[in-house]
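Colleague: Can you look at this prediction? I've put the sequence above it.
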Amino acid sequence: MTRSLVQSDNQPITSLQSLHYYGQSIWLDYIRRSLINSGELQELVDSGKVQGVTSNPAIFQTAIAGSTDYDQVLNVLEQVQDRDALSIYEELAIADIQAAADILLPTYIRTQKQDGYVSLEVSPYLADKTAETIAEAHRLWQAVARPNLMIKVPATPEGIAAIEALIGNGINVNITLLFSQSAYEKVADAYLAGLERFAAQGGNVSQVASVASFFISRIDTAIDGLLNAQLSANSDSHTCNFLRGLLGKSAIANAKLTYRKYQQLYTSPRWQKLAEKGAHPQRLLWASTGSKNPHYRDVVYVEELIGADTVNTVPPVTLAAFLDHGQPRLSLPEQIEAAEAVLLKLEQVGISLSQIADHLLQQGIKLFQDAFDALLSAVARKRETILGDQIDRMTYRLPPALDEAVQMHLFEWRQSGKIRRLWAQDASLWTDTDENYWLGWLGITDDQLAHLDPLKQVVQAVRSRDFTHVVLLGMGGSSLGPEVMKQTFGKTPNFPELHILDSTDPAQIRAIESRINLPRTLFIVSSKSGSTLEPHIFKQYFFDRVQQIVGVEAAGQQFIAITDPSSQLQQIAINDRFYQTFLGLPCIGGRYSVLSNFGMVPAALMGVDIARFLRLTEEMVHSCAPSVPAEDNPGVVLGTILGVLANQGYDKVTLTTSPSIASLGAWLEQLLAESTGKIGKGIIPIDQEALSTPEKYGRDRLFIYIRLESAPNLAQDAAIALLEQSGFPVVRIAVATPEHLGQEFFRWEIATAVAGAILEINPFDQPDVEASKIATKQLMLDYEKTRILSTAEPLTTQLEIQIYSAPHDKDAFAKAAIENSLTSYLRSHLNRLKPGDYFALLAYIEMNPVYYECLQAIRHAIRDAKQVATCLGFGPRFLHSTGQVYKGGPNTGVFLQITNEPENDLDIPGQNYSFGVVKAAQAQGDFQVLAERNRRLLRLHLSQNTQADLELLQTAVRIALI
Ligand SMILES: O=C(CO)[C@@H](O)[C@H](O)[C@H](O)[C@H](O)COP(=O)(O)O
Ligand SMILES: O=C[C@H](O)COP(=O)(O)O
C-alpha cells in the first residue's frame, strides 16, 4: 500500500459514512499477507471503511511476485519441495483468503450476508471452459471453506454458463470482467435461474449471494483512445468540440444505464418470487475504479457511481484519495438521459460500445492470464532457488537469431497454453492422430510411488535367494533405461550384479554367459509388446540353459517378466511358471517407459533405492507441470530449443555426458531419434562422438552438455567452453548426483514431446522401425523354408572384405570400380558427404571394447576430415533406436554397414535357425529398407578375423579421406 489507510485519514469516516447512507458498500480491491498480518485489514474493517475484499490474478501477482511478504514460507524447503508452482500459489492465496474471510466474518453476520465477502478467482485459463470452471469453483469453495467466500468467474459465454450451476449449488459467485449491458443481462438471468434451481432443490436462497463486477475505467481508456485518434485526424472545430465533449464520459454513462437495468430487473415478478424466499439481489459491483487518466479526478469513479444496493471495490490509492477528498452524493440515478445521449453520440462517431466490450473482455482474460503466468513464474523461480541442487539446472547460450526464434516460440507456447494442452493429452498439439493415448508417462512417478510395495517385496524375496547376477533380456525401450542404471550405479553391495543382453551377436551372447553363474542368475525378460523377436529367443536360449542345470520345474523360478497386460510374453511367463510378472502400462510407449516397471524393476533388483530416485524425479515433474509457464518450464525450454533449432538446420544434437553417466547418451539417442525421425524430418542425436575443436564441426550442430557435478571431466568443460565461445549453440545441464538421472529422464521426455509438436510429427510412433522388422521377418521365413539366407553378389572382395552396394546406388561406385580397391570404394562413398549430412556406422558385430575403439577411430577421422556429424550404432540394438531416424528422417545420412562372418554360431533351442542367422537377416533387412528409402549406402562384410579387418578398414578410411 502506498500509504496507511488506517492512520492517515483526516476526514475519518465522513465520506464513507455517506456512501453507506446512500446504500453503497466499499470493498477493497487488494490483498496481500502483510495487509493481514500487520492488522491493517482488521483496522479497515473495524473502522467501517471496508466491508469486503476482492482479489484477482493481477492482485496476487503483485502480492506474491512483487513483495517479500511470502518469503518466510517460500524460503522453507519443505514448503516447496514435492509441489508445483500452482499448488504453492494456491496454498498461499487460500491462506490469505481464509484469513481475510475470518476478519470479515463479523461484517458478514452483522449485515445479514449482504457484505463481508472475500473473492477468489478461478484460473483465467478456464475462461472458455464451463465444466472445468464449475469443477474448479467447487474445489476452491471446499478448500477455502468459508461461508463468506465468493468465487470469481469471468463473464465469458462459458463463464456465464457456469453461473447457474454454481448458484444452483449454493456457491457465492462474483462475475467479473463485465463491460456491457447485454452481458450484464445474461449474468443477471443466470443468477436468477441459479437461485430458482437452488430453491427447487430445497436450498435456502437467503444463504447465497452474488455480485456482478462491472468494469469502469478500462472503458474510458479504450474509448478515449479512439476519440483522441479521431481528434488528431480532425481539424474541424465543431467536430473536435463534439468529440472532446465525449472524453471521459462513456464508462460512467455505461454504468448508469446498467444500473437502471438492474433496478428494472429486480422489480420484476420473477424476482419478487425469489425475494419472498429471502433471496438477495445480485448487486452491481463497480470494478476497475482506480482513475487511470491523470487529468481526471482521482476519485471520479467513486464519486460518480454512488447509488443504493451497489458495491465499489477500490484499490488502496483510490480509497485513500476518497477518504482524503472524496465528495459523495447520490450520483448514479442522476442524468440518465445525458448518459443515453453519450452512448448515442458514440455511435454517431462510429464507436461501437459492444465491440469495445467484446475486445475488453478478451483483453481482460489475456491480462489475467499474463498476470497469472508472471505469478506462477515467480513462484517457480523461488521454488527452484530454495530447492538448490535438489533440482538439475539448465542454462543455454544460442546465437542471437536462434535465441530470438526460441524466445518467440516459448512466448507462443505460453500464450496459447500449449503446455497445459500437452498435460491434458490433447492430440491436436501434434498430428491429431492417437497421441493422446501415449501420454501415460506424464503421471508415472506418482503412480510408481503409490505402488512400490509389491516391488519391494519381490526385491526382498529375490535377495533372500542369493542371486549373484541379474540378466535383463530386452531391446530398445526395454533395455536402454536399465543399461543407464547399471552403468551409472554399478554393483551395489549385497545385491546381484545387473547385465543387459540386447544383441543377437553370438559372441556377445557368449560373453554375457561367461560373466554369470547360471544357477545363481535371475533373468528378466522385458518386452512391452511381449512379441519382440530378440527377447523371445534370448529367453529360449537361457531358459534351456537353466533348465539343463536345475530341471524343467525349477527353471521358471529364475525368470521374471516385465510386459504389458495380455501379451504373448505374459502367457509364456504363466506357462513356464515364471517367478513373477510385472505389468507395464499400455499407455506408455517403450522409449518413455524407463520410470515405469521397465526401468524401475531391474534398478530395484540391482539395489537402487527406487523410492528416493522417484521422489527426486518428482521435483522435475513439478518443475515441468502444466502450470509452469513455458519460459520457466525446464522441459518446455529444452524441447523448444531442440525443435526450433532442428527446424533451422541445427538438427545434429551432440550429446556430451560426464564419463560416469555416459550411458545416458544411448537412452537419449533412442528417445530423440525414434520420436522425432520420421516423414523426412527429425533430430539426429550424436552420442559418444569425442569433443574436438570448433573447426571440426559444421554449423548444423547443437551441443548439449550433461555434466555430473559430483564427477565432472575438465577436458569436456574446456572443450564445451571453447565451442560456446566460437558461437555454437550450447545447452548445459548440471546433474547434481547420479540419483538425479530420473529428473533427466523426465525432462527429456517432456522436451521430446515438445520438440515433436514444433516439428509437427507424432513423437510416439515408430513407423520405420516396423519396416525393417517386416523385412527381417520375411528373410527369416524364407530361410526357414530354404535354409539359405539369400544375399546379393558383392561388387568385389578386397583382402577378404566383401563390398556390397544397393541396387539404386550402383552408379555412385562406377569410378571406384575402375580402381577396384577398398580405398576407392570408401573414397567414392565418403565423398558424397556434404555440409549438413551425417555419417553413420551400422556395425553388426560384437560390441566389445576393441571393436568399439576401432569404429570410434573411423568415425572421428571422418568427422575431422569432412566436418560432418557421425554416429555409431551396433546392430541389432540400434534398429530399436536410431534406426528409425536413419530410415524415416531426412535423407542426409551416408551409411556404412559392417557385418562379419560369425566365428562361432549359436543355436537357438526350439528354432531351426541360429543367432548368427537372425543377426545376418537383421542386417540384411536393415540394408534393404535403407536402400528402398534411397539412402546412400555401402556394406562391408568382414571375415572371421574381424579385428584385423577393422584395423585394415581404419587405414583404408584414412587413405580415402586424403
Ligand atoms: O472484478 C473485480 C472484483 O470483483 C476486481 O478485482 C477487478 O478485477 C479489478 O477491479 C480490476 O481488474 C482492476 O482493473 P484496472 O484498475 O487494472 O483496470
Ligand atoms: O524400443 C522398443 C523395442 O523395439 C522393444 O520393444 P518391446 O519392449 O515391445 O520388446
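Modeller: Thanks, I have the structure now. Ligands and ions are numbered 1, 2, ... in the order given.
Colleague: Can you report how many residues lie near residue 849?
Modeller: Look at residue 849: counted by other Cβ atoms under 10 Å, it has 7 neighbours. Just so you know, the C-beta spots here come from the backbone N, C-alpha and C atoms, and that holds for glycine as well.
Colleague: And it, what's its pLDDT?
Modeller: With respect to pLDDT, residue 849 scores 96.
Colleague: how about whichever residue of the stretch 451-600 of the chain sits closest to ligand 1, what does it touch?
Modeller: Here the stretch 451-600 of the chain gets closest to ligand 1 at one residue, residue 587, 40.2 Å apart by Cβ to the nearest ligand atom. Counting by Cβ atoms under 8 Å, 6 or more residues apart in numbering, residue 587 touches 437-440.
Colleague: Get me the contact residues on the protein for ligand 2.
Modeller: 475-478, 527-529, 532, 535, 590-591, 880 (Cβ under 6 Å from any ligand atom).
Colleague: now for the helix or strand harbouring residue 337, which elements pack on it?
Modeller: Assigned by DSSP states H and E, residue 337 belongs to helix 336-348. Contacts defined by 3 or more Cβ pairs under 8 Å, 6 or more residues apart in numbering; DSSP states H and E place helix 336-348 against helix 250-265, helix 353-387.
Colleague: what do you get if the cut-off is 10 Å, keeping everything else the same?
Modeller: Helix 336-348 sits against helix 217-233, helix 237-244, helix 250-265, helix 353-387, with contacts defined as 3 or more Cβ pairs under 10 Å, 6 or more residues apart in numbering; DSSP states H and E.
Colleague: Tell me what angle the first one forms with helix 336-348.
Modeller: Between the direction of helix 217-233 and that of helix 336-348, the angle (axes from the mean of the first three to the mean of the last three Cα atoms, to 10 degrees) works out to 50 degrees.
Colleague: Next: the third one.
Modeller: Between the axis of helix 250-265 and that of helix 336-348 there is an angle of 120 degrees, by the same axes, to 10 degrees.
Colleague: Tell me where the model's unsure across the protein.
Modeller: Scanning the chain with the threshold set as pLDDT under 70 gives 1-14.
Colleague: Pull up the residues of it that are close to ligand 1.
Modeller: Near ligand 1, when you scan the chain using Cβ under 6 Å from any ligand atom, you find 29, 54, 56, 119, 152, 174, 176, 213, 217-218, 285, 287-288, 290, 313.
Colleague: Looking at those, spot the one nearest residue 757.
Modeller: residue 56 (31.0 Å; Cβ to Cβ).
Colleague: Identify the residue nearest the closest one in space, chain neighbours excluded?
Modeller: Leaving aside its chain neighbours, residue 56 sits nearest to residue 121 (5.2 Å; criterion: Cβ to Cβ, 6 or more residues apart in numbering).
Colleague: show me where the stretch 51-200 of the chain has strands.
Modeller: Ranges of strands within the stretch 51-200 of the chain are 52-53, 118-121, 149-154, 173-178, based on DSSP state E, counting those that start in this stretch.
Colleague: quick one: contacts for residue 493?
Modeller: Shown in contact with residue 493 (Cβ atoms under 10 Å, 6 or more residues apart in numbering): residue 607.
Colleague: can you give me how far stretch 363-373 is from the chain middle?
Modeller: Between the centre of stretch 363-373 and the centre of its host chain there is 21 Å, according to Cα atoms, centre = their mean, to the nearest Å.
Colleague: buried sites along it?
Modeller: Across stretch 363-373, burial judged by 16 or more other Cβ atoms under 10 Å covers 364-365, 367-373.
Colleague: Stretch 225-233 now?
Modeller: 226-227, 230-231.
Colleague: Now the two most distant members of those residues.
Modeller: The span of the buried residues of stretch 225-233, defined through Cβ to Cβ, is set by 226 and 231 at 9.7 Å.
Colleague: Overlap in contacts, the two.
Modeller: residue 243.
Colleague: just to revisit the earlier point, secondary structure and neighbour count added to the residues of the chain next to ligand 2, as CSV?
Modeller: Listed next are those as CSV, based on DSSP: H, G, I helix; E, B strand; the rest coil; neighbours: other Cβ atoms under 10 Å:
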residue, secondary structure, neighbour count
475, coil, 25
476, helix, 28
477, helix, 29
478, helix, 32
527, strand, 31
528, coil, 25
529, coil, 16
532, coil, 24
535, helix, 27
590, helix, 26
591, helix, 31
880, helix, 26
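Colleague: in those, which two residues are the furthest apart from each other?
Modeller: 535 and 591 (15.6 Å).
Colleague: before we move on, the earlier item: can you put the strands of the stretch 51-200 of the chain in a markdown table and add mean neighbour count?
Modeller: A markdown table is the format used below for these (neighbours: other Cβ atoms under 10 Å):
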| stretch | mean neighbour count |
| --- | --- |
| strand 52-53 | 29 |
| strand 118-121 | 28 |
| strand 149-154 | 26 |
| strand 173-178 | 29 |
